[in-house]
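Chemist: Need a 3D model of the following:
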Amino acid sequence: MAYGGCSFGYNSPMRLLVLALALVMSLTLSAQEEKKKGPSPFANPKNLKVLPAENLQQTMQAFRAGLGVMCTYCHVQGDFASDDNPKKETALMMIRMAMDINSKFADGKRHVSCYTCHRGETEPKMTPPPAQ
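Modeler: Below you'll find the predicted structure:
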């Protein structure tokens, strides 16, 4: 009996072979892409002025999501430590501001982030959405 409309049985050797080949091809292509990209900018972070090196990649991903931008919005492509992009200095000021606000809460938890004001856009949301 066919499973899910597929002509192969659920545990068909052909199906397993196809899945295994797809997995091998995917891993091979992924490894080739990593070689082309070079080392990760998070491998040996330089020029950190505000943020700790621990969990840097997750922190940067949160910033990227909070503003809805790619890394090169604030960083120079290929030289993430560079300060040549003026948006990086603005980002550093905003990070310091959020850290200062969060430090004032006695519970030690993070209460504000980039997303608090930006809501996934480069300009902070200054007015609430219209009432429904």
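
Chemist: downstream neighbour of the longest helix along the chain in the secondary structure list?
Modeler: Counting residues, the longest helix found in the chain (DSSP state H) is helix 13-37. Downstream of helix 13-37, the first helix or strand assigned by DSSP states H and E is helix 56-67.

Chemist: Which elements pack onto that following helix?
Modeler: helix 114-118 (3 or more Cβ pairs under 8 Å, 6 or more residues apart in numbering; DSSP states H and E). From N, CA and C alone the C-beta is placed, and that goes for glycine too.

Chemist: buried residues in the helix it packs on?
Modeler: Buried residues in helix 114-118, counted by 16 or more other Cβ atoms under 10 Å: Cys114, Cys117, His118.

Chemist: Distance to Leu92 and pLDDT added to those, as CSV?
Modeler: Formatted as CSV, the buried residues of helix 114-118 follow (distance: Cβ to Cβ, whole Å; pLDDT from 0 to 100):
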residue, distance to Leu92, pLDDT
Cys114, 12, 90
Cys117, 16, 90
His118, 15, 90
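
Chemist: which among those residues gets closest to Val24?
Modeler: For these, the residue nearest Val24 by Cβ to Cβ is Cys114; the value is 39.7 Å.

Chemist: so the closest one touches Met99, yeah?
Modeler: No - counting by Cβ atoms under 8 Å, Cys114 stays clear of Met99, with 11.6 Å between them.
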